[in-house]
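*Asks:* generate a structure from the sequence data that follows.
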Amino acid sequence: MYSPGEILTISIENGTKKIAKPFVAKLILGFIGGAMISLGYLAYVRVSASIPSNLASLQALVGASVFPIGLIVILLAGGELITGNMMAVSTAFYDKKVSFQALLLNWLTITLANILGALFVAYFFGHVVGLTANGVYADQVRQLAEHKISASWYQATISGIGCNWFVGLALWLCYGAKDAAGKILGIWFPVMIFVAIGFQHSVANAFLIPAAIFEGAVGWGDFFRNFVFVYLGNSIGGAIFVSGFYFVSYKGH
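*Replies:* The predicted model follows:
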């Protein structure tokens, strides 16, 4: 492992590189990022849906154990995920390597591409192929989506903070590991824990809630209201609770 100070330097470099990527590359990699997180959530549904609801803790643990594959693929094979960029690009901004305008444009581009990737998986793999359309799988998607949208605005925001505190730490540990096995372990456990706890991830919700919509449950207004507040919380969790705290601690002086 690199030291925390060295990880901060790596994060700043990676955040700067994310800004410098061509626009088309950002769109493609952002689409991949949204799709991979969604496929991780689809795996969650497929492995846990048949576990009885009175074993909710076991259901959450089993689903959470497979969800991290999405972020592993993004970070090791290539992809852009807005919750990760909220951490990495923020460190580059704090170090004055990128402008605030460039940060916002990056966040907007990756967010839109992530949503497209999530919708693609929800519609084509979930609805058209039928992986979330029938039986216990459709029931679980509806129940999970209804639980997400039932949160008040402040619950959704605070939950989003908790989520991206863990996702940002997963990136931090990935940047700090020196080999692939260390990176996988560094990603796996923080992501598994945020999912098992039940914190809300804006891009994962961009798969789950539309998947429920395609099966006749909830509505698009429910999705957009949820997305705004979870996204706000994710921004605070990544840009302040991870990159902000560590920047002040290791380079703020």
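*Asks:* give me the distance between residue 40 and residue 55.
*Replies:* 21 Å (C-beta to C-beta, to the nearest Å). All C-beta spots, glycine's among them, are computed from the backbone N, C-alpha and C.
*Asks:* looking at those two, which is more packed in?
*Replies:* A count of neighbours by other C-beta atoms under 10 Å puts residue 40 above the other of residue 40 and residue 55, at 26 against 12.
*Asks:* wait, doesn't that one sit right on residue 68?
*Replies:* Yes. Here residue 40 lies in contact with residue 68, judged by C-beta atoms under 8 Å, at a distance of 6.8 Å.
*Asks:* helix or strand right after the helix or strand harbouring residue 63?
*Replies:* Here residue 63, judged by DSSP states H and E, is contained in helix 56-66. Counting by DSSP H and E, the next helix or strand C-terminal to helix 56-66 is helix 69-77.
*Asks:* and the next helix or strand past that next one?
*Replies:* helix 82-94.
*Asks:* could you check the angle helix 69-77 makes with that next one?
*Replies:* Angle between the axes of helix 82-94 and helix 69-77 is 50 degrees (criterion: axes from the mean of the first three to the mean of the last three C-alpha atoms, to 10 degrees).
*Asks:* show me what the next helix or strand after helix 82-94 is packed against.
*Replies:* Heading C-terminal from helix 82-94, the first helix or strand you meet, by DSSP H and E, is helix 100-120. On a contact count with 3 or more C-beta pairs under 8 Å, 6 or more residues apart in numbering; DSSP states H and E, helix 100-120 meets helix 4-20, helix 23-48, helix 82-94, helix 202-214.
*Asks:* who does the last one touch, helix- and strand-wise?
*Replies:* Pointing back at helix 202-214 there. For helix 202-214, the elements it packs on are helix 23-48, helix 82-94, helix 100-120, helix 135-149, helix 220-236, judged by 3+ C-beta pairs under 8 Å, 6+ apart.
*Asks:* who touches that helix?
*Replies:* Residues outside helix 202-214 that contact it (C-beta atoms under 8 Å, 6 or more residues apart in numbering) are 33-34, 37-38, 40-42, 81-83, 114-115, 118-119, 121-123, 126-127, 132-133, 141-142, 144-146, 148-149, 160, 218-220, 222-223, 226-227, 230-231, 234.
*Asks:* got the buried residues for stretch 107-122?
*Replies:* Neighbour-count burial for stretch 107-122 flags 107, 109-115, 117-122 (criterion: 16 or more other C-beta atoms under 10 Å).
*Asks:* swap in stretch 183-203?
*Replies:* 183-184, 186-188, 190-196, 199-203.
*Asks:* just the ones of those residues in strands?
*Replies:* Judged by DSSP state E, the buried residues of stretch 183-203 include no members of strands.
*Asks:* got the buried residues for the helix holding residue 63?
*Replies:* 59, 60, 62, 63, 64, 65, 66.
*Asks:* distance check, the closest residue in space to residue 144 that isn't next to it in sequence against residue 31.
*Replies:* Taking C-beta to C-beta, 6 or more residues apart in numbering, and ignoring the residues beside it in sequence, residue 144 has residue 208 as its nearest neighbour in space, at 5.8 Å. Distance of residue 208 to residue 31, given as C-beta to C-beta: 18 Å.
*Asks:* which one of the buried residues of stretch 107-122 is nearest to residue 167?
*Replies:* Nearest to residue 167 among these: residue 114, at 12.8 Å, using C-beta to C-beta.
*Asks:* what sits against the closest one?
*Replies:* 30, 31, 33, 34, 37, 80, 81, 82, 203, 206.
*Asks:* hmm, the fifth one is touching residue 72, no?
*Replies:* No. Residue 37 sits out of contact with residue 72 when judged by C-beta under 8 Å, with a separation of 10.8 Å.
*Asks:* run through this protein and note the low-pLDDT ranges.
*Replies:* For the chain, applying pLDDT under 70 flags the ranges 253.
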